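>>> Would you be able to build a 3D model of this:
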Amino acid sequence: MARGELRIYLGAAPGVGKTYTMLEEAHRRAERGTDVVIGLIETHGRKHTAAMIGDLEVVPRREVTYRGATFSEMDIDAVLARKPEIAVVDEYAHTNIPGSRNAKRWQDVQELLDAGISVLTTVNVQHLESLNDVVTQITGIEQKETVPDAIVRQAEQVELVDMTPEALRRRMAHGNIYQPEKIDAALGNYFRTGNLTALRELALLWLAGKVDDQLDKYRADHGIDKTWETRERVVVGLTGGPEGASLIRRAARIAARNKGADLLAVHVARNDGLAGASPAELAKQRVLVESLGGTYHQVVGADVPRALLDFARAVNATQIVVGASRRSKLAQALTAGVGATTTALAGSIDVHLVTHERARKGRSLRSVSPALSLRRRIAGFALVVFGLPALTGLLHVLPPISLTNDILLFLFAVVAVSLVGGLWPALLAAVFGSLLLNWFFTPPIGRFTIAAADNLLALAIFVAVGLAVSWVVDTAARKTRQAATSSAESQTLATIAGSVIRGERLLERLRETFSLDSVTLLEDGKVASCVGDPCTDPNTADAEVIIDDHHRLLLRGHPLDASDRRILEAFAAQAALALQQERLSAEAAAAKPLAEADKMRTALLAAVSHDLRTPLASAKAAVAGLLSDEVHFDEEDRHELLETADVSLNRLDRLVANLLDMSRLQAGVLGITAVDVGLEEVVPRALDDLGGTVISQLPPELPAVHADPGLLERILVNVIGNALRYSPHDQPPVITGSTFGDSVELRVIDHGPGIPEDRWDDVFLPFQRLGDHDNHTGVGLGLALSRGLTEAMGGTLTPSATPGGGLTMVLSLPAGGLS
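Residues are numbered from 1 along each chain as shown. Next up is the predicted model:
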């Protein structure tokens with residue numbers, strides 16, 4: 001059975017028309033004769049969306065009871081049994097009621113697809129898992145319902161339902177998205193023009209990435225390796241030379257001319273293991289690339305130009321930036337350089353050959369350390385000086401043999417010298433050995449002349465073979481030593497890199513690794529960070545590593561050899577970066593209280609525009625009626641209007657008091673006077689303020705609590721008021737109390753709809769807004785303030801499930817008489 005196809009309508013925000021557009025497509029499919037049913041549609045009270053359902057068949061929902069409340073979800077079994085060609089399923093990221101077969105609606109959709117049923121669905125950009133934190137930063141609202149990006153990218157079609165922020169705000173103002181009482185708050189918070197613009201850009205960029213994936217798959221499936229200039233991608237080739245920074249900046253300027261262009265830096269490492277770039281320069285250049293918004297890559301290849309072009313074609317690059325050759329004119333005359341070869345083979349990719357100060361000045365030769373130790377080289381020279389004359393004397397004492405055998409014995413001696421002493425002793429042995437053979441064993445004996453041409457050829461071959469063998473042995477020894485050195489350097493680099501990742505101090509790790517007395521990082525001549533006694537004068541330091549124009553590393557303890565210096569240079573740039581990260585972390589920590597205050601300020605503004613509206617309107621209407629000369633009110637009507645104004649103003653007074661206390665809590669200036677107070681005194685006063693039916697079952701022997709009586713009453717009013725709001729009329733809230741260790745626990749029990757356990761923390765968020773979802777069940781500011789006041793008095797306020805359904809708020813406070 002063929003798997004069904006998934007089509008997703010993506011929107012930047014609620015109200016752009018995803019569901020409406022999806023229903024339009026469902027009607028078009030039905031008119032063409034396709035069997036279409038609606039598995040689930042959420043209209044959110046929008047009349048135009050509800051009208052668009054029309055005559056489409058709707059599969060009845062299933063009713064789910066959870067904690068005493070009834071909810072409706074898609075009946076996936078009924079849809080599977082109906083087996084239509086296409087099912088319409090709204091809100092792809094929705095979380096199902098606990099106890100459902102699948103936790104998420106997208107998992108229900110996967111079942112339908114596996115059964116061969118194609119699905120039309122919707123999702124907002126804020127519900128994509130990869131963008132969840134970004135949306136939270138933009139809007140200040142965390143979305144709990146998310147769907148993995150990989151699941152959305154698997155869809156055969158993703159269509160963006162787009163609308164300008166201005167048009168969406170007009171649609172909101174006209175009442176086409178939310179109910180009238182929510183419009184002002186929405187326009188002033190989530191639906192601000194800046195928020196909508198940012199969300200729209202996120203949706204466009206995410207969809208562009210999806211399109212890129214589809215294009216890459218198409219090109220791979222059809223074997224297309226030519227560049228398609230769908231988006232500018234600038235690749236800059238780095239050799240690890242000093243010109244790299246200039247090339248990166250030039251490539252970044254080229255990329256900046258095209259909106260949305262990608263910058264990629266690549267270094268091609270030779271696979272012979274000998275010709276390597278400067279790790280220090282590459283480390284600095286990597287930091288520079290990433291600071292400019294690009295990415296750094298490294299590939300291995302024997303042919304640098306071809307490896308560079310293979311990488312560029314793999315990423316669908318449109319432009320390549322390489323530097324002019326640093327080789328001399330003679331070297332360029334003999335062989336084409338990387339730039340010239342890349343240009344010749346690039347095809348449709350534009351190649352920028354950028355000149356620089358080091359162009360045509362030749363490569364700076366790195367000092368090459370000997371392959372073997374000094375002791376072994378001395379032993380090799382000793383073998384030449386004493387061993388070859390000894391061999392000559394031995395051959396004179398023994399019975400004469402042919403010249404060919406003499407040459408083979410001397411060749412064996414040259415090989416032995418090369419194995420012991422390396423290249424230079426072996427070269428000396430080959431030359432010295434040829435002279436000995438010529439003088440003592442080649443006719444005419446005792447003269448540096450050769451009578452027979454065959455003997456001349458034999459001696460020439462002896463010298464050539466000796467040189468070749470010594471070269472091979474020396475190269476092998478050098479590679480072995482380099483491999484051992486590289487392994488040690490890699491372990492050191494891995495240790496230091498791990499310190500950076502684990503957040504340890506990099507300078508401390510460097511001092512321990514290289515047994516230094518002090519490591520000082522200077523920034524513009526001043527000590528930015530230091531381990532040990534600070535060193536501010538480069539002339540008094542044992543080693544100095546210049547990082548950039550502003551930073552340098554000074555080390556004391558002992559001079560560094562070349563290999564150690566290479567490692568330090570590779571991580572010098574990371575030291576400056578670590579310093580920057582440390583400062584950013586400190587700034588972030590300092591900014592966190594400000595961010596929390598700003599978040600609270602946003603909540604306060606939302607409250608002013610949302611929760612103050614109703615009592616103000618009621619009080620104003622009552623007072624305006626009393627002042628009106630057009631209508632005559634009798635005494636009973638006047639009393640009713642005054643009572644309405646009084647109730648509204650009392651409500652307004654409580655709300656303003658909550659707002660002020662929450663503001664004081666955030667600022668840390670709320671005054672608390674804690675004394676021992678009995679709950680039998682505070683609870684009745686709170687109940688009198690509320691006026692509802694509440695069953696109090698407080699034990700008479702319950703000890704006093706150590707709290708501020710006024711604040712405790714405010715907490716109880718908020719918590720009990722919330723329980724009254726959601727309790728059924730025939731099951732009023734119940735208040736019980738008990739002791740637990742050194743604390744007194746007060747429980748406010750209701751039998752309302754309850755809250756899923758994974759949303760318990762949300763009840764303490766002030767004035768949350770949940771996008772497409774109706775927020776009439778939100779708990780407002782009261783519980784957020786109550787938890788803050790409780791914790792300020794050394795207590796806790798936590799929710800728990802009520803057996804049989806509902807929510808129990810547990811208020812725990814220190815017992816009195818303990819201080």
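>>> Flag the helix or strand of this structure with the lowest per-element mean pLDDT.
helix 329-334 (a mean of 59; mean pLDDT, DSSP states H and E).
>>> show me where the stretch 451-600 of the chain has strands.
Using DSSP state E, counting those that start in this stretch, the strands found in the stretch 451-600 of the chain span residues 518-523, 526-531, 543-546, 551-556.
>>> can you check the stretch 101-250 of the chain too?
Under DSSP E, counting those that start in this stretch, the stretch 101-250 of the chain gives strands at 118-124, 157-161, 233-238.
>>> Count the neighbours of residue 638 for me.
14 (other CB atoms under 10 Å). For every residue, glycine as well, the C-beta is placed using N, CA and C.
>>> Check the one 10 residues further on too.
Applying other CB under 10 Å, we find 20 residues neighbouring residue 648.
>>> Using the three-state scheme, assign it.
helix (DSSP: H, G, I helix; E, B strand; the rest coil).
>>> circling back to that earlier point, tabulate the strands of the stretch 451-600 of the chain (JSON lines), appending mean neighbour count, mean pLDDT and distance to residue 307.
Conversion of these to JSON lines gives the following (neighbours: other CB atoms under 10 Å; pLDDT from 0 to 100; distance: least, CB to CB, whole Å):
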{"stretch": "strand 518-523", "mean neighbour count": "22", "mean pLDDT": "85", "distance to residue 307": "36"}
{"stretch": "strand 526-531", "mean neighbour count": "15", "mean pLDDT": "78", "distance to residue 307": "39"}
{"stretch": "strand 543-546", "mean neighbour count": "16", "mean pLDDT": "80", "distance to residue 307": "31"}
{"stretch": "strand 551-556", "mean neighbour count": "22", "mean pLDDT": "84", "distance to residue 307": "33"}
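>>> In JSON lines, list these along with distance to residue 120.
Below are those laid out as JSON lines (distance: least, CB to CB, whole Å):
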{"stretch": "strand 518-523", "distance to residue 120": "58"}
{"stretch": "strand 526-531", "distance to residue 120": "58"}
{"stretch": "strand 543-546", "distance to residue 120": "61"}
{"stretch": "strand 551-556", "distance to residue 120": "57"}
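>>> just to revisit the earlier point, show me what the following helix or strand past the least confident helix or strand of the chain is packed up against.
Per DSSP states H and E, the first helix or strand lying C-terminal to helix 329-334 is helix 338-345. Applying 3 or more CB pairs under 8 Å, 6 or more residues apart in numbering; DSSP states H and E, one finds that helix 338-345 contacts helix 304-314, strand 319-323, strand 350-354.
>>> buried set for helix 338-345?
338, 339, 340, 341, 342, 343 (16 or more other CB atoms under 10 Å).
>>> neighbours around residue 115, how many?
For residue 115, the count of nearby residues is 15 (other CB under 10 Å).
>>> List the contacts of it.
Shown in contact with residue 115 (CB atoms under 8 Å, 6 or more residues apart in numbering): 1, 4, 80, 83.
>>> Can you report how many residues lie near the third one?
For residue 80, the tally of surrounding residues (other CB under 10 Å) stands at 17.
>>> Am I right that it is in contact with residue 113?
No: Residue 80 is beyond contact range of residue 113, at 11.3 Å (criterion: CB atoms under 8 Å).
>>> does residue 656 count as helix, strand or coil?
helix.
>>> For it, give its distance to residue 616.
From residue 656 across to residue 616, the span is 11 Å (CB to CB, to the nearest Å).
>>> In CSV, list the strands of the stretch 101-250 of the chain along with distance to residue 632, mean pLDDT and mean neighbour count.
Compiled in CSV, the strands of the stretch 101-250 of the chain are given as follows (distance: least, CB to CB, whole Å; pLDDT from 0 to 100; neighbours: other CB atoms under 10 Å):
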stretch, distance to residue 632, mean pLDDT, mean neighbour count
strand 118-124, 54, 95, 26
strand 157-161, 56, 92, 17
strand 233-238, 80, 92, 26
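>>> wait, which of those is closest to residue 692?
Comparison of these against residue 692 by CB to CB identifies strand 118-124 as nearest, at 38.3 Å.
>>> The most centrally placed residue in the chain and residue 212, how far apart?
When CA atoms, centre = their mean is applied to the chain, the residue found nearest the centroid is residue 130 (8.7 Å). Look at residue 130 and residue 212: by CB to CB, they are 15 Å apart.
>>> Kindly report the same for residue 469.
56 Å.
>>> What of residue 746?
Counting by CB to CB - residue 746 and residue 212 are separated by 58 Å.
>>> For residue 539, see how far away the nearest residue to residue 516 once chain neighbours are set aside is.
Residue nearest to residue 516 in three dimensions, not counting chain neighbours: residue 557, with 3.7 Å by CB to CB, 6 or more residues apart in numbering. The gap separating residue 557 from residue 539 is 16 Å, by CB to CB.
>>> Between those two, which has more neighbouring residues?
Shown here are residue 557 and residue 539; by other CB under 10 Å, residue 557 has more neighbours (16 against 7).
>>> Now do the phi/psi pair for that one.
phi 140, psi -60 (degrees, to the nearest 10).
>>> close enough to count as contact, it and residue 535?
No: counting by CB under 8 Å, residue 557 does not reach residue 535; the two are 10.4 Å apart.
>>> Now for those two: what residues contact both?
residue 518.
>>> follow-up on the earlier one: out of the helices and strands packed on helix 338-345, which one sits most buried?
strand 319-323 (a mean of 25; mean count of other CB atoms under 10 Å).
>>> Residue 420 and residue 381 touch, don't they?
No: under the criterion of CB under 8 Å, residue 420 makes no contact with residue 381, lying 9.6 Å away.
>>> Now the element after the helix or strand residue 706 falls within, going C-ward?
Using DSSP H and E, residue 706 falls within strand 705-707. The helix or strand immediately downstream of strand 705-707 is helix 709-726, counting by DSSP H and E.
>>> List the buried residues in that next one.
Buried residues in helix 709-726 (16+ other CB under 10 Å): 709, 711-724, 726.
>>> Buried residues in whichever helix or strand comes after it, which are they?
Per DSSP H and E, the first helix or strand lying C-terminal to helix 709-726 is strand 734-740. Going by neighbour count (16+ other CB under 10 Å), the buried part of strand 734-740 is 734, 735, 736, 737.
>>> Now do the second one against residue 395, distance only.
Going from residue 735 to residue 395 by CB to CB gives 115 Å.
>>> Repeat that for the first one.
For residue 734, the distance to residue 395 under the criterion CB to CB works out to 115 Å.
>>> what does residue 585 give?
Look at residue 585 and residue 395: by CB to CB, they are 77 Å apart.
>>> List the buried residues for stretch 3-22?
Those would be 4, 6-22, for stretch 3-22 by 16+ other CB under 10 Å.
>>> Quote the end-to-end distance of that stretch.
21 Å (CA to CA, to the nearest Å).
>>> pLDDT on it, on average?
The average pLDDT within stretch 3-22 is 94.
>>> Please apply the same query to stretch 643-651.
Here the average pLDDT along stretch 643-651 is 80.
>>> which parts of it are buried?
644, 645, 648, 649, 651.
>>> where are the low-confidence patches of the stretch 201-350 of the chain?
225-230, 259, 270-278, 280, 326-336 (pLDDT under 70).
>>> try 50 this time
273-275 (pLDDT under 50).
>>> now swap in the chain and tell me
Ranges of the chain meeting pLDDT under 50: 273-275, 363-368, 501-504, 768-779.
>>> picking up where we left off before, give me the more crowded residue out of residue 746 and residue 212.
residue 746 (25 against 14).
>>> tell me the secondary structure for the closest residue to that one other than its chain neighbours?
Counting by CB to CB, 6+ apart, residue 746 lies nearest to residue 811, which is 4.4 Å off, once chain neighbours are set aside. Per three-state DSSP, the secondary structure class of residue 811 is strand.
>>> how far away is residue 811 from residue 584?
On the measure of CB to CB, residue 811 and residue 584 end up 40 Å apart.
>>> Between those two, which has more neighbouring residues?
Comparing residue 811 with residue 584 by other CB under 10 Å, the one with more neighbours is residue 811, at 26 against 11.
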